[in-house]
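Trainee: Here is my input; please provide its structure:
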Amino acid sequence: LMDSLGGDGRTLMLACTSPSSQHLDETANTLHFASRAKNIRNQPIMQVDTQAVVLQQLQASLRALQEENTSLQQRLARAVSP
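Mentor: Reported below is the predicted structural model:
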């Protein structure tokens, strides 16, 4: 039951019972099942798009390399000019 209700979504359960004595067993089973389902607790897990993470890392690396390149070009220009 826990595996069925687990995951990253929300679950709504309605337990329909009958006041009729003819359906006493079914009502008791429904209430027992609803009680078990109510006690299930799951930890939410944040889904991360791995491609987006890799893209962000590559963009950060690119910016760092561009800054380093600019810095080196400036140092080279100062060293070459008299």
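Trainee: mind checking the SS state of residue 37?
Mentor: helix (DSSP: H, G, I helix; E, B strand; the rest coil).
Trainee: Extract the C-alpha trace of the helix or strand hosting residue 28 and format it as PDB.
Mentor: Assigned by DSSP states H and E, residue 28 belongs to helix 24-38. The C-alpha trace of helix 24-38 is given here as PDB (Å, rounded to 0.1, in the frame of the first residue of the first chain):
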ATOM      1  CA  LEU A  24     -21.200  -4.000   7.800                       C
ATOM      2  CA  ASP A  25     -18.300  -6.200   6.700                       C
ATOM      3  CA  GLU A  26     -17.600  -4.000   3.700                       C
ATOM      4  CA  THR A  27     -17.800  -0.800   5.700                       C
ATOM      5  CA  ALA A  28     -15.500  -2.200   8.400                       C
ATOM      6  CA  ASN A  29     -12.900  -3.200   5.700                       C
ATOM      7  CA  THR A  30     -13.200   0.200   4.000                       C
ATOM      8  CA  LEU A  31     -12.600   2.000   7.400                       C
ATOM      9  CA  HIS A  32      -9.600  -0.300   8.100                       C
ATOM     10  CA  PHE A  33      -8.100   0.400   4.700                       C
ATOM     11  CA  ALA A  34      -8.700   4.100   5.100                       C
ATOM     12  CA  SER A  35      -7.000   4.100   8.500                       C
ATOM     13  CA  ARG A  36      -3.900   2.300   7.100                       C
ATOM     14  CA  ALA A  37      -3.700   4.700   4.200                       C
ATOM     15  CA  LYS A  38      -4.100   7.700   6.400                       C
END
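Trainee: now the following helix or strand past that helix, how far from the chain's geometric center?
Mentor: With elements assigned by DSSP H and E, the helix or strand that comes after helix 24-38 is helix 50-80. For helix 50-80, the separation from the chain centroid amounts to 31 Å (computed by C-alpha atoms, centre = their mean, to the nearest Å).
Trainee: Residue 17 and residue 40: what is the separation?
Mentor: 20 Å (C-beta to C-beta, to the nearest Å). C-beta: built from backbone N, CA, C; applies to glycine.
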